[in-house]
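*Asks:* Please work out how this folds:
(4 chains)
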4 protein chains.
Amino acid sequence: MPGNSFGQFFRITTFGESHGGAVGVVIDGVPGRQTIDLDLVQKWLDRRRPGQGDLVSQRQEADRVECLSGLQDGVTLGSPICLMVRNTDVRPEDYAELSTVYRPSHADFTTDAKYGIRAASGGGRASARETVGRVAAGAVANQIVQASFPGIEVVAWVESVHGVTASVDPLTVTLAEVHQSAVRCPVPESASAMIKAIEAARADGDSVGGVIGCVVRGLPAGLGEPVFDKLEADLAKALMSLPATKGFEVGSGFAGTLLRGSEHNDAFVAVPGIHGPTATNRSGGIQGGISNGAPVTMRVAFKPVASIAKPQDTVTKDKKKVVLAGVSGRHDPCVLPRAVPMVEAMVWIVILDHLLRNKGLQLDSTKV
Amino acid sequence: MPGNSFGQFFRITTFGESHGGAVGVVIDGVPGRQTIDLDLVQKWLDRRRPGQGDLVSQRQEADRVECLSGLQDGVTLGSPICLMVRNTDVRPEDYAELSTVYRPSHADFTTDAKYGIRAASGGGRASARETVGRVAAGAVANQIVQASFPGIEVVAWVESVHGVTASVDPLTVTLAEVHQSAVRCPVPESASAMIKAIEAARADGDSVGGVIGCVVRGLPAGLGEPVFDKLEADLAKALMSLPATKGFEVGSGFAGTLLRGSEHNDAFVAVPGIHGPTATNRSGGIQGGISNGAPVTMRVAFKPVASIAKPQDTVTKDKKKVVLAGVSGRHDPCVLPRAVPMVEAMVWIVILDHLLRNKGLQLDSTKV
Amino acid sequence: MPGNSFGQFFRITTFGESHGGAVGVVIDGVPGRQTIDLDLVQKWLDRRRPGQGDLVSQRQEADRVECLSGLQDGVTLGSPICLMVRNTDVRPEDYAELSTVYRPSHADFTTDAKYGIRAASGGGRASARETVGRVAAGAVANQIVQASFPGIEVVAWVESVHGVTASVDPLTVTLAEVHQSAVRCPVPESASAMIKAIEAARADGDSVGGVIGCVVRGLPAGLGEPVFDKLEADLAKALMSLPATKGFEVGSGFAGTLLRGSEHNDAFVAVPGIHGPTATNRSGGIQGGISNGAPVTMRVAFKPVASIAKPQDTVTKDKKKVVLAGVSGRHDPCVLPRAVPMVEAMVWIVILDHLLRNKGLQLDSTKV
Amino acid sequence: MPGNSFGQFFRITTFGESHGGAVGVVIDGVPGRQTIDLDLVQKWLDRRRPGQGDLVSQRQEADRVECLSGLQDGVTLGSPICLMVRNTDVRPEDYAELSTVYRPSHADFTTDAKYGIRAASGGGRASARETVGRVAAGAVANQIVQASFPGIEVVAWVESVHGVTASVDPLTVTLAEVHQSAVRCPVPESASAMIKAIEAARADGDSVGGVIGCVVRGLPAGLGEPVFDKLEADLAKALMSLPATKGFEVGSGFAGTLLRGSEHNDAFVAVPGIHGPTATNRSGGIQGGISNGAPVTMRVAFKPVASIAKPQDTVTKDKKKVVLAGVSGRHDPCVLPRAVPMVEAMVWIVILDHLLRNKGLQLDSTKV
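*Replies:* Numbers count the residues shown, from 1 in each chain, chains lettered A, B, ... in the order given. Alright, predicted model coming up:
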């Protein structure tokens, strides 16, 4: 199977280069008779869009989503939904130099190594612009899931930026708290410190990375497959396939390795509490690859953005040393705020995929 | 696609419950005319096997591998290889209580929630015994890859146990150094400390977790797909599908979020050095989802084993509170040493899968 | 995806060469809590087995099925079911000559062309013995489907042998009528004539082919996908993947091309009749790729068996002309009777796969 | 896997309803650095288009193809190619009645049964308009294959219309001969008779079906997998997934069942002749599921078009009897001429998919 599709039952295929005609997604496996509000899809894309303020990239992209198929009067037909966004802010001349120079920690060199050809401008498929299709599909998945399971919530937030860390309670954090912050951090004082860190990096022509936290609340027990397609394995793949990610944790994560079993184990309780069926939730809502009804908690590490305004040493395609001039100010010094909807989108896609998979493991005569 | 298969081109399907007739694997997508030494496969299984000493589980399993198909005089026919290991040390009576009690941080509760039925003894598919098939398939992948690409090496090691951390250089660590240690840690003094930590946990009827490091050296540039099937995403899924894993990092990982872009970027160099095409290797050998020829470095977090000898509070299937007696001493207080070959096996499988995928993206008339 | 698997949700992977250690199947996507009677599986295998009388191959194979996984006390666990049959009647010496000679209309030449290696004896994966796994899986699918949908029936029969054609009514033909005939033809006088044709071929050291008819009755409306995975397309693939098949028809088939639209169209009726929702059934129970509730009718052409007792001209691997001595009498002069359970098995697998797929297209909150 | 994708390595996903915004295809698994001429793709679409003359549908559709991604200056980037055709001749009012009436032998009833919703006008995904994406993808596959394998040719032709049958030699028939005929039959006198049969049907407000023949010449030996993904099984699925198909044959087909083995077997020859490695070609170029180098010969049956101008009895959605007025003259009385490029497209897709699969079964160190 080629590499531009994700999901088994709810299956998305993204297409489009950053400076080609359009980017988009075909969503297959859509249940019929589901109401989809394209304005909500657009809102998701707006959250993903660069140029939303001083904090993020200055590149202007209208990013108006167009639906080419699969919907009739806002209702799904059960056929593939194709969502497309035209590329309107394409300035290839900005990128002319890059066709022969390998930018440090970009995909230029590896793309050449793999395909022997590379989009003359922009990052091609390696560009963060590819995530337009993912976010649009995630917005669709969100609506479909919540129509049947209104209790399922996904909230992601910026937990840290370059070492500035917010203390966020995954049991209570809300989307509203996250959205009110330009940096998508629900703790105001931490948000301010993060903004300072980002502005300091920009002032230095540099960039910063950080960690995004994410929680799924209200997920029923029973999602995920016990062996290869464990829920955490599919989440790991989904999130580690986002650009710039370097690490993934579920539940106790790496810190859990400092505990003994007697400290780490989550005792089952007779009456469900805030952690669902268990007294604690170091499992992160998943046991043996299958959700247990407790909140699913995750953390994703994003490296500092590779495009910086400082000059850098590197080589050309024919191995000549050059100094790469810094990129213009159009690029984000920190991708974290924009990555929040990307994380949420991928998580919604995994959830819907596994909800449909579970149906596909059942057989009864009540409904064909 | 049901959840018991992994890989796209080199595709393994495992089968078997921990206390059923057998466990095993069917390997499809095997190139023809490859020499496979089953004795080497057996050696991998021996490394995975519990009961290898005081450090690991006391359960005795012969784990003799039998090849049912796909080989003729030790050479692959291009047809599926079925490798099977009979279950010989099955003592269901040891597990009688467990059919109605939900062990903390085990898959008992979630398996019931998903399937409405559960293997009466042992962990069924959630048991670490399922990994017999993975390790056997990894041993096959190892041989196939190295026959064509003798320069590719995979080395995994125990990097930490319950906070005892070894400093290991991924550029130089060898399999021999790892294998000489009962705890699979190549740094002797660290290994001793780890063994003490494990023995202390055993003495307390408790368990410990830790981190496994892994490096792939000699991997050519060009492996991995740029969008969903990024090399790191497939590695993350492969390793996060192993039992007891809670976190995954590639390259700089979570620590990389503390660096600025100018510190994190890997400058390309005119002459390949110890990090391959770059002066540093915070990328961990992968850029834009595609290998760049530098060593691929990873870390995987394993939680402390859920089975402990201490009594624990929990509930029965019908939500009655009970105290679960501790498990007998047959279980590992630390799974890390046995997990080393599991990690290596999954990594070899991902490598071979992507090597074959790359071939499947090429078209020329030299060979049909 | 390698080529030894079939089905999307109910997915089978067969393994084993005709003269290796064993043949078998791993069945994934099995719903939990389904009762499976292995004696019934054995009965299916007995129907598939050669050596059942004068009509079919004299090779003796016990073909006792062993279940290695997935069942506990005859009930499915939701995990993969591995069913294995040991190869016990292996006489490689019978095949020694064949390692260098290309048998006409066998897979010897093409296997060498593809893999550069070939099982030294027997047909390897191209042998009809590979269908042991398919038939076992079909017997499992049959039981699972009928437990939830007792009204679904699949009946296949020998419709013609070398031009001797039986007139069979797909609306009324029963399994009992088929099974009572050694040649699996439910019309006694036709069965007698077919047997004569087969015996005449055997006497001449020759072989004959024919057509198998098949009907699915009681199939609910709504199975099949509208575009590529049309029900008839999946049935065509399933049946054209059986050895020796040369043609497939659904409903009116090739004969339907002689009708005009006004003659061919199936008018919908207000009250369901013998053809379900339509007055006639030239559609063969499928419209637009989706079942309509009428019986699904199919025909499959099987060529005469390639192995004959007459000497034949052919060439060796190094292109030398030789005369191939005729095969011993152990081979079937007609594969049709044995192919009846193969056809039924593949059809049951397609039905269960599509029943589960349909579940996987639904989403509601009644059951996760 | 949802049902709107086809192919394993070269994988197409079509989208779009007949009266929605657009129809199109995303093609994944495209090798890099391949030259694609979009004008040639447009020519294929023109051949598929209705309204090309008196013989076919009068509906006017510009069907101008637009490439949204995957190409740069006409060269493939290795990323997904999205090809889109806007729907411009949408007249929903022509179809208002149809939202409540089940047209005989259309997909209206089954679509309702499956999805509980149906495109208010036109056939939705069941429309022949869905094949726009297939034909565009087939035109791409054609160019990619022939660039590396210029000797491979695919020629399809109309072999019969309503019983008027042309005698066509698959060894010699050319695309030029087929294209010069409005009815796509390379035998002029047969073409004339077919046109008369089509015109007679139109005059009667009726429709006719027929058979399309197809040959692949110059295919190397070794394509196709020995078990489920036999070359003929994949071709059968590909072609039986086209709208209106009722039957498929390869090589000797159903007629082959009238021969004995000694008459049917294809003797191998020392020197390749017109049938490649065999003296005759009743195998149709495939043995044991794998191509043998001889021409691959196929036949596909298309039923008469369901849309006719005559009034027909049928029922409404709520099971009331009605008489359906005949459709206007905009519809084809015979789909065969337009189906010729559809058949060729699907065959090219299967060929390229299997060429790439074969690469993915090979492993050597010459090229990563």
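*Asks:* Who is A:A22 paired with across the strands?
*Replies:* Under DSSP bridges, the beta-bridge partners of A:A22 are A:R86.
*Asks:* Quick check: pLDDT value at it.
*Replies:* Note on A:A22: pLDDT of 96.
*Asks:* quick one, the helix or strand harbouring A:L83 and strand D:81-86 angle?
*Replies:* Using DSSP states H and E, A:L83 sits within strand A:81-86. Relative orientation of strand A:81-86 versus strand D:81-86 (axes from the mean of the first three to the mean of the last three C-alpha atoms, to 10 degrees): 100 degrees.
*Asks:* Check which helices and strands strand A:81-86 is in contact with.
*Replies:* Judged by 3 or more C-beta pairs under 8 Å, 6 or more residues apart in numbering or on different chains; DSSP states H and E, the packing partners of strand A:81-86 are strand A:22-28, strand A:65-69, helix A:131-148. C-beta coordinates here come from the backbone N, C-alpha and C atoms, glycine included.
*Asks:* got a list of contacts for that strand?
*Replies:* Residues outside strand A:81-86 that contact it (C-beta atoms under 8 Å, 6 or more residues apart in numbering or on different chains): A:21-27, A:30, A:36, A:41, A:45, A:62-71, A:132-133, A:136-137, A:140, D:15-16, D:22, D:24, D:68.
*Asks:* Drop anything exposed from those residues.
*Replies:* Among the contacts of strand A:81-86, those buried by neighbour count (16 or more other C-beta atoms under 10 Å in any protein chain shown) are A:21-27, A:30, A:36, A:41, A:45, A:63, A:65, A:67-71, A:132-133, A:136-137, A:140, D:15-16, D:22, D:24, D:68.
*Asks:* Flag every residue of the stretch 1-150 of chain A that's near chain B.
*Replies:* A:1-6, A:8, A:14, A:102, A:104-107, A:109-111, A:113-114, A:123-126, A:130 (C-beta under 8 Å from any C-beta of the partner chain).
*Asks:* what's around the closest residue to chain B within the stretch 101-250 of chain A, how many residues?
*Replies:* Ranked by C-beta to the nearest C-beta, the top residue of the stretch 101-250 of chain A for proximity to chain B is A:A107, at 2.4 Å. Counted with other C-beta atoms under 10 Å in any protein chain shown, the neighbours of A:A107 add up to 27.
*Asks:* and it, what is it in contact with?
*Replies:* The neighbourhood of A:A107, defined by C-beta under 8 Å, 6+ apart, consists of A:123-124, A:126, B:226, B:287-290.
*Asks:* I'd like those residues laid out as JSON lines, including neighbour count and secondary structure.
*Replies:* Formatted as JSON lines, these follow (neighbours: other C-beta atoms under 10 Å in any protein chain shown; DSSP: H, G, I helix; E, B strand; the rest coil):
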{"residue": "A:G123", "neighbour count": "26", "secondary structure": "coil"}
{"residue": "A:G124", "neighbour count": "28", "secondary structure": "helix"}
{"residue": "A:A126", "neighbour count": "26", "secondary structure": "helix"}
{"residue": "B:P226", "neighbour count": "27", "secondary structure": "coil"}
{"residue": "B:Q287", "neighbour count": "32", "secondary structure": "strand"}
{"residue": "B:G288", "neighbour count": "28", "secondary structure": "coil"}
{"residue": "B:G289", "neighbour count": "27", "secondary structure": "coil"}
{"residue": "B:I290", "neighbour count": "27", "secondary structure": "strand"}
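*Asks:* Which member of those is positioned nearest D:R338?
*Replies:* Distance to D:R338, by C-beta to C-beta, is smallest for A:G124 among those, at 36.5 Å.
*Asks:* Run a quick check on that closest one versus D:T76, I expect a contact.
*Replies:* No: counting by C-beta atoms under 8 Å, A:G124 stays clear of D:T76, with 11.9 Å between them.
*Asks:* Grab the nearest non-local neighbour of A:R118.
*Replies:* A:T111 (4.7 Å; C-beta to C-beta, 6 or more residues apart in numbering or on different chains).
*Asks:* circling back to that earlier point, pLDDT (mean, whole number) over the strand holding A:L83?
*Replies:* 97.
*Asks:* And stretch A:258-267, by the same measure?
*Replies:* For stretch A:258-267, mean pLDDT is 98.
*Asks:* who touches that stretch?
*Replies:* A:252, A:256, A:275, A:278-283, A:287, A:294, B:104-105, B:162-163, B:201, B:204, B:206-209, B:303-308, B:310, B:312-314, B:333.
*Asks:* So which of these belong to strands?
*Replies:* Secondary structure from DSSP state E places A:278, A:287, B:312-314 of these in strands.
*Asks:* Quick check: A:S105 touching B:I286?
*Replies:* No: using C-beta under 8 Å, A:S105 makes no contact with B:I286, being 10.5 Å away.
*Asks:* From A:A182, how far out is A:V164?
*Replies:* 14 Å (C-beta to C-beta, to the nearest Å).
*Asks:* Just the ones of the residues of the stretch 1-150 of chain A next to chain B in helices?
*Replies:* Counted as lying in helices by DSSP state H, out of those, are A:109-111, A:113-114.
*Asks:* thinking again about what came up before, which one of A:V164 and A:A182 has more residues nearby?
*Replies:* A:V164 (21 against 16).
*Asks:* list the contacts for that one?
*Replies:* A:190, A:193-194, A:197, A:210.
*Asks:* Just the buried ones out of the residues you listed, please.
*Replies:* For the contacts of A:V164, buried by 16+ other C-beta under 10 Å: A:190, A:193-194, A:197, A:210.
*Asks:* Most neighbours among the ones in strands among the contacts of stretch A:258-267, please name it.
*Replies:* Within the ones in strands among the contacts of stretch A:258-267, neighbour counts (other C-beta under 10 Å) peak at A:Q287, which reaches 32 neighbours.
*Asks:* Now for that one: which residues touch it?
*Replies:* A:Q287 neighbours (C-beta under 8 Å, 6+ apart): A:266, B:105-107, B:109-110.
*Asks:* Could you tell me how many residues sit around the residue nearest to A:T76 when sequence neighbours are not counted?
*Replies:* Among residues not flanking A:T76 along the chain, A:Q34 sits closest, at 4.3 Å (C-beta to C-beta, 6+ apart). When neighbours are counted by other C-beta under 10 Å, A:Q34 registers 21.
*Asks:* re the thing from before, out of the ones in strands among the contacts of stretch A:258-267, flag the one nearest to C:S241.
*Replies:* For those, the nearest to C:S241 is A:Q287 (39.6 Å; C-beta to C-beta).
*Asks:* Give me the pLDDT value at the closest one.
*Replies:* At A:Q287, the pLDDT value in this model is 97.
*Asks:* Equivalent analysis for A:G326, please.
*Replies:* At A:G326, the model reports a pLDDT of 83.
*Asks:* Do I have it right that it meets A:K310?
*Replies:* Yes: A:G326 lies in contact with A:K310 (C-beta under 8 Å); the separation is 5.0 Å.
*Asks:* got any residues that touch both of the two?
*Replies:* With C-beta under 8 Å, 6+ apart, A:G326 and A:K310 have common neighbours A:G205.
*Asks:* Quick one: residues contacting the residue of the stretch 251-368 of chain A at minimum distance from chain D.
*Replies:* Going by C-beta to the nearest C-beta, chain D is nearest to A:V368 of the stretch 251-368 of chain A, at 8.1 Å. Listed by C-beta under 8 Å, 6+ apart, the contact partners of A:V368 are C:220-223, C:355, C:358.
*Asks:* Same question for A:A137.
*Replies:* If you count contacts by C-beta under 8 Å, 6+ apart, A:A137 has them with A:12, A:14, A:25, A:27, A:83, A:345, A:349.
*Asks:* which parts of the stretch 1-150 of chain A sit against chain C?
*Replies:* So the stretch 1-150 of chain A meets chain C at A:1, A:9, A:29, A:31-32, A:34, A:78-79, A:144-145, A:148-149 (C-beta under 8 Å from any C-beta).
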